[in-house]
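> Fold the following and give me the result.
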Amino acid sequence: MVFTIVIIACALVVLAATMAWSNTSAKLTDRTNRYMAATAAAEAGTEYTLAQIWKDFSGGGEALVLANLTNYQSTALTSAQSPYWADWEFTDACGHTNSTYVSIGTSSNYTVLDSAYAHLQAYVTPCTIVCDAHQPHALNDVFGAVYQQVQLARIPIFQWAMFSSGDLEISCGKPFTVTGPVHSNQKIYVEPDNSLTFLTDVTAVGDILFQRSPLDSRVPPSGSVTYEGGKTSHVPALTIPIGLTNTPTAVREIIEPPPGGEDPTSLLGRARYYNQVDLVITVTSGGITVTSGRYDNFSHTVTNTEVALFVSTTNSFRDEREGKLVLPIDINIGVFRVWSATNGSIRPLLGSRDVSSIYVWDQRPFTSSTLSGVRVVNGAALPSRGLTVATGSPLYVYGDFNSPNPGSTNTSGTLPASLVGDALTVLSDGWDDTRSLLPGVSGFAGRATIFSTTVNAAILAGAVDTTQDHYSGGMENFPRFLEDWSRATFTYNGSMVKMFPSLYATNAWGKNYVYKPPTRNWTYDRNFDSPTKLPPLTPGFIKIGRSVWNTVAANQTNAPPADL
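Numbering: from 1, shown residues only. Here you go, the predicted structure:
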């Protein structure tokens, strides 16, 4: 009897212990499950806020994100997003319900990026998001908290040797080396007929293909390609915040003057060159007007006597590719440089500094046989801060530009510069307007040259894409030519950005046999790796990169310890 009682007592003790352990284990399991659910909810809260930040950043950059900071901080997931969230409460780790902790740092860092765009540099704004989540009516209420830090990155557009918003094609009949990064927001068709070497990263949102475009009827490429920096396809697209779809056609608006009534502080308004430049040159049938920019509400006008020093509309030449007579607005950069350093009308408005950016707006009517054009001449030396020339018209460069050392890839003595227009055509030092107009002169026969030419500037312009039986000319022909360059070298240091379809200079490459190609001495200008040496008014792409993700204790807004 006693033994039986002892055994039963021991069994009861074991049973009680087992039940207590089971109960504790069940509670711990339930608590773990609730913690994991709460952490997942907190992560969802940070992602919800991050989605709003990304939408604003992609549409309006840092300015729009900062303007909406209070909105991010005062919103959280609710049953309006999903009935599931009806039982949850979100706080900002500072005691405020239905809120999210959001902190935006200052955009003062110029940082090398990682991930798909390694080696590129960007202006980075740090953004911290913290969300606490729990179910206040649950039996075992447990908090979960997630800390995220992201980087709002603005990448200057002129950090690629070659960039294309659409498909990028590159071919070569002679050995060709591309010295800087290459990127396409669509596909890249690598189609060399000789040896082609990429020294640094090649990236594309679509595929990187060793073939010609499906619209290109030429025989398959016969050359070889070497990727010394590697290649990566299916990377995120890079976009300019313009408040519209970022199609190449939509992005072209940044080089056009604004339509009447457009708000200059709108996303697209802020992106237009017209609204940002120091000086606006407007040409109508009645004459030439030069004014200050929007910063001064265009209220200061340069005298006609001064304008006549550096702007002329009296010349003409024939663009054989377009088959049209060009009536150019010629800007004498050498004379303009002197005027910029001494004038008493615009210089005082700029804090006694040189003009560093010009927009040219041609409002003259043109016929089917004539073409508007802006031409920079005598541009070997630039104003002291460098120069950006932008226009919605085709842009021509006559002779050396920004070239203290003609023929050299050493750009230590150059100034920041960019050329922005509907299309970019290089006219050599030996170009002759008169010979281009001679009767009976076809093709390049009357415009032969043996003069080598150097251009040191970023180029943002349009192109004519490949169509059935008409190759685009590829990035090797992105700068257009109209002469016999067979005994000459074209030295180019800069960054080529093919941003949109040309609207005015629209004849296809190769349709008219108008030039013989130069020896191409091309390099990406490493000056653009420095923020102080970027061309004036350089646009920027945007992306968000994640730098820190971690769980933290509830009511904790500081960065988690490094070992978490």
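> so who does Leu327 touch?
Taking CB atoms under 8 Å, 6 or more residues apart in numbering as the criterion, Leu327 is in contact with Thr313, Ser316, Arg364, Phe366, Thr370, Leu371, Ser372, Gly373. No exception for glycine: its C-beta is placed from N, CA and C like everyone else's.
> Need the pLDDT of the third one.
This means Arg364. We have a pLDDT of 95 for Arg364.
> quick one: it and Ser372, what's the gap?
For Arg364, the distance to Ser372 (CB to CB, to the nearest Å) stands at 7 Å.
> Between those two, tell me which one has more neighbours.
Ser372 (24 against 13; other CB atoms under 10 Å).
> That one and Tyr504 touch, don't they?
Yes - judged on CB atoms under 8 Å, Ser372 makes contact with Tyr504 at a distance of 6.7 Å.
> what sits in contact with each of those two?
Ser393, Pro394.
> List the buried residues for stretch 522-534?
Within stretch 522-534, the residues scored as buried using 16 or more other CB atoms under 10 Å are Trp522, Thr523, Tyr524, Asp525, Asn527, Phe528, Asp529, Lys533, Leu534.
> any idea which of the residues you listed is closest to Thr245?
For those, the minimum distance to Thr245 (CB to CB) is 26.5 Å, reached by Leu534.
> now stretch 205-212, how far from the chain's geometric center?
21 Å (CA atoms, centre = their mean, to the nearest Å).
> In this structure, spot the helix with the most residues.
helix 2-67 (DSSP state H).
> And for the next helix or strand after it, what's in contact with it?
Note on helix 2-67: by DSSP states H and E, the next helix or strand toward the C-terminus is helix 69-73. Here helix 69-73 makes contact (CB under 8 Å, 6+ apart) with Thr49, Gln52, Ile53, Asp92, Ser99, Thr100, Tyr101, Val102, Ile104.
> between these, which is closest to Leu12?
For the contacts of helix 69-73, the nearest to Leu12 is Asp92 (51.0 Å; CB to CB).
> Apart from its chain neighbours, what residue comes closest to Ile157?
Pro539 (4.8 Å; CB to CB, 6 or more residues apart in numbering).
> Quickly note the distance from the one you found to Gln276.
From Pro539 to Gln276 the distance is 10 Å (CB to CB).
> what's the weakest-modelled helix or strand in the protein?
In the chain, no helix or strand scores lower on mean pLDDT, DSSP states H and E than strand 109-112, which sits at a mean of 74.
> Would you mind pulling the contact partners of it?
Outside strand 109-112, the residues touching it (CB under 8 Å, 6+ apart) are Ala118, His119, Leu120, Gln121, Ala122, Tyr123, Val124, Thr125, Pro126, Gln151, Ala153, Pro531.
> what are the pairing partners of that strand, and which direction each?
strand 121-134 (antiparallel) (DSSP bridges).
> Make a markdown table out of the contacts of strand 109-112 and add distance to Gly61 and pLDDT.
Formatted as a markdown table, the contacts of strand 109-112 follow (distance: CB to CB, whole Å; pLDDT from 0 to 100):
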| residue | distance to Gly61 | pLDDT |
| --- | --- | --- |
| Ala118 | 23 | 68 |
| His119 | 23 | 73 |
| Leu120 | 17 | 81 |
| Gln121 | 17 | 86 |
| Ala122 | 12 | 87 |
| Tyr123 | 10 | 87 |
| Val124 | 13 | 86 |
| Thr125 | 9 | 88 |
| Pro126 | 15 | 88 |
| Gln151 | 14 | 86 |
| Ala153 | 11 | 87 |
| Pro531 | 16 | 89 |
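> In PyMOL, how would I select the buried members of those residues?
A single PyMOL command selects the buried members of the contacts of strand 109-112 (16+ other CB under 10 Å):
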select buried, resi 120+121+122+123+124+125+126+151+153
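> for the contacts of strand 109-112, which one is nearest Gly462?
Leu120 (23.6 Å).
> Check whether the closest one really touches Leu113, as I assumed.
Yes - at 5.0 Å, Leu120 counts as touching Leu113 under the criterion of CB under 8 Å.
> where does the stretch 401-550 of the chain have low pLDDT?
In the predicted model, the stretch 401-550 of the chain carries pLDDT under 70 at residues 439-449.
> can you give me the strands in it?
Secondary structure of the stretch 401-550 of the chain (DSSP state E, counting those that start in this stretch): strands at 417-421, 424-427, 453-456, 458-463, 489-494, 496-501, 519-524, 540-551.
> On the pLDDT front, check the residue nearest to Pro383 when sequence neighbours are not counted for me.
In space, and not counting its chain neighbours, Pro383 is closest to Asp354: 4.0 Å by CB to CB, 6+ apart. Listed pLDDT for Asp354 reads 96.
> burial of Asp354, as a residue count?
Neighbours of Asp354 (other CB under 10 Å): 21.
> That one: what's it in contact with?
Arg337, Ser340, Ala341, Arg347, Pro383, Ser384, Arg385.
> Next one: it relative to Val146, how far apart?
50 Å.
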